[in-house]
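Visitor: what's the 3D shape of this:
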Amino acid sequence: MNAGLALLAAALTVVVASASASAEELAAVLGPWCFSLGAGALGLGLWLRGRVRRMRRVLGSRPWTAHASVAVQRGGSGAAVVLAGGPRGDELLVLAPLTTQWRYHLLTDTAGVLWWCGDPRSGGVLAPPGGEELIRARPLGARRARRTLDLPQVRALSHRPPPRQPHAPADRPGSLWLTVPPEKPPRRRRWRPGLTWLALLVAGLVGVVLATVWAEQSESDPRIDLTVLSERSDGHCVVRWNDPFDHQRRTGTYQCDPDRDPLLDDWESGFVVSYGPWKGDLYNADLEGTSAFTVMDTVGVGGLLCALVGLVGGAVHLIRRRGRAAAGPLPAPAYAGVDPLSGRPWSGGPAAPPLTYAVCAAAATRQAALRGSDAPPGRPGAGVRTGPWWRVPVLLEATGLTRALYPLAYLVGIGTLTLVRPGTVSGPMQVLAVVLGAFGLYSLLRILREGVPLARQLTRQADGPVAETPRYVLLEEPSGTGTDPVLLLFPADADDSAPPRAVLRLLAPGPRKRPWAGLPAPVGTAELRGRREEPFWAVPWIDGRPHWPADAYEELDLADPETARYLEELVPARR
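Guide: Have a look, this model is predicted:
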């Protein structure tokens, strides 16, 4: 908002400075830009200020609660966040975050846990653990919410353990302005969003009706004779006439026709406005001399636009309101072949689960059942053994090379069009192409320096010698976008009571909308290929195809508390 006020002040300064003839061209160029940018920035600031006030009201009236979460993409620019709640995590709340794409990482880089503050039917605020970054969210409609719950990324959400709740004072948001004293009741909203669209519709209809009435009355404006007292070369005259309404003689200025017959140099004819606040104004056949017709056109066109905006906005508001009327916490869907969790996934007393092959294999088998038996096959080329790295879709996507080429292609296209047909591309489009091209070139250099060498190394490791053949358990590591595949490795001769020895995180083999496609069996034996060097980028071969690692081979220290906590997330204890 301050930026908008500054730009408006700059626009006024430019206009005042244009009093000199030398600054007229500068004012003509900068004035409209400053006014439009200033008005836009001011409007954006006022809108954001309203959003901040609503978020403060929500945060001051309700406590934070922590939930297991997963964020999924809905199309190219939208997203949905699913929160698990209820007494046993058997209720799921589907929300639409109202944020920009570059803040989407706040919903995904949270190890599958988000804080929520708000009403599940009217919306509220999401935040990563800690409550420092805030994102406003609203519930999705029932139909879209149920369609989101059918995604495989969401299937395992209700089976995650509940996270630690932020009841301690240290876990409360650090910014004091976010909270309102609990004894202060939330202020009731005095203005409903639907009334805004209704007011626009009514105001627009009033403007259209008023302009129509004025247009009809202008048809009966009387035509009178004028006596020309003096006249300039540009046709500007001083005339005298008898007012047809009060029958008084009046004198005023008038735009005469400079090309009229010289015999009529002391005579002219005109019209007198007969309605509204302009009654008595004198104008000619070209409607010059009064502002009545300018106001009439402005009120008519503006009223028509207001009525159209109010009608469309009100219809959209009603449709969205009806679609969200039934939204709220939904029961977690039941999946075929998967019984709901009850008790602990291990036998024994109240002690923590033993980190053994049997317990981990049982958890992996259950997670595979949640993914479903109808998982689509992997992408063609995902298991290519030899050949360049760019023929492997998983590695090509992991390097980010295709995303970096898009802005460069835009720059090349705009540059080619500018050279072939000069004047076709405007200046702002050229500036945008240069900026995007610069970012694309910077990203490409980073990829060529870091991502491409690693992809080449992985393809060489995949064709390397077999380092070892351990038993594995395929588990799902909770993340903000669902689950990431992780291989928990055990010795080749491990029995059911053997503890894990190492962990190897994998890249999801499927596309973005189906990342679970092409995963191996939940348990089995893997061939770790590659030359042992630090760091050891081992490529596991399972059932005759490679599965590409997302991180280096990591030995586990079971005595480390951080390692124990990580393994509990992979094989959670149920209480």
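Visitor: For the stretch 301-450 of the chain, give me the ranges with low pLDDT.
Guide: Applying pLDDT under 70 to the stretch 301-450 of the chain flags the ranges 320-354, 371-387.
Visitor: in it, which spans are helices?
Guide: 357-371, 393-399, 401-420, 427-446 (DSSP state H, counting those that start in this stretch).
Visitor: if I look at the residue lying farthest from the centre of the chain, how far off is Ile224?
Guide: The centre of the chain is farthest from one residue, Leu263, which by Cα atoms, centre = their mean lies 72.2 Å away. Distance of Leu263 to Ile224, given as Cβ to Cβ, to the nearest Å: 20 Å. No exception for glycine: its C-beta is placed from N, CA and C like everyone else's.
Visitor: domains of this structure?
Guide: Per automatic domain parsing, the structural domains of the chain span 2-53, 62-165, 357-377+465-570, 389-449.
Visitor: follow-up on the earlier one: in a helix, the residue farthest from the centre of the chain, correct?
Guide: Yes: secondary structure of Leu263 (DSSP: H, G, I helix; E, B strand; the rest coil): part of a helix.
Visitor: got a list of what it touches?
Guide: By Cβ atoms under 8 Å, 6 or more residues apart in numbering, the contact set of Leu263 is empty.
Visitor: go on, Leu556?
Guide: Counting by Cβ under 8 Å, 6+ apart, the residues that Leu556 touches are 500-503, 563, 567.
Visitor: can I get the residues you listed in CSV with pLDDT?
Guide: Below are the contacts of Leu556 laid out as CSV (pLDDT from 0 to 100):
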residue, pLDDT
Pro500, 90
Arg501, 90
Ala502, 90
Val503, 90
Thr563, 83
Leu567, 81
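Visitor: By neighbour count, which of these wins?
Guide: Highest neighbour count within those: Pro500, with 26 neighbours (other Cβ atoms under 10 Å).
Visitor: What sits closest to it if chain neighbours are left out?
Guide: Leu488 (4.8 Å; Cβ to Cβ, 6 or more residues apart in numbering).
Visitor: try Asp234
Guide: Nearest non-adjacent residue to Asp234 (Cβ to Cβ, 6+ apart): Pro258, at 6.9 Å.
Visitor: pretty sure Ala526 is touching Val473, no?
Guide: No: judged on Cβ atoms under 8 Å, Ala526 makes no contact with Val473 at a distance of 10.3 Å.
Visitor: of the contacts of Leu556, closest to Trp267?
Guide: Nearest to Trp267 among those, counting by Cβ to Cβ, is Val503 at 101.7 Å.
Visitor: In a strand, that closest one, correct?
Guide: Yes: assessed with three-state DSSP, Val503 lies in a strand.
Visitor: mind listing the helices for the stretch 51-200 of the chain?
Guide: Counting by DSSP H, counting those that start in this stretch, the helices of the stretch 51-200 of the chain are 105-108, 142-149, 152-155, 193-218.
Visitor: Tell me which of the ones you listed is the most buried.
Guide: Counting by mean count of other Cβ atoms under 10 Å, helix 152-155 has the highest mean neighbour count of the helices of the stretch 51-200 of the chain, with a mean of 22.
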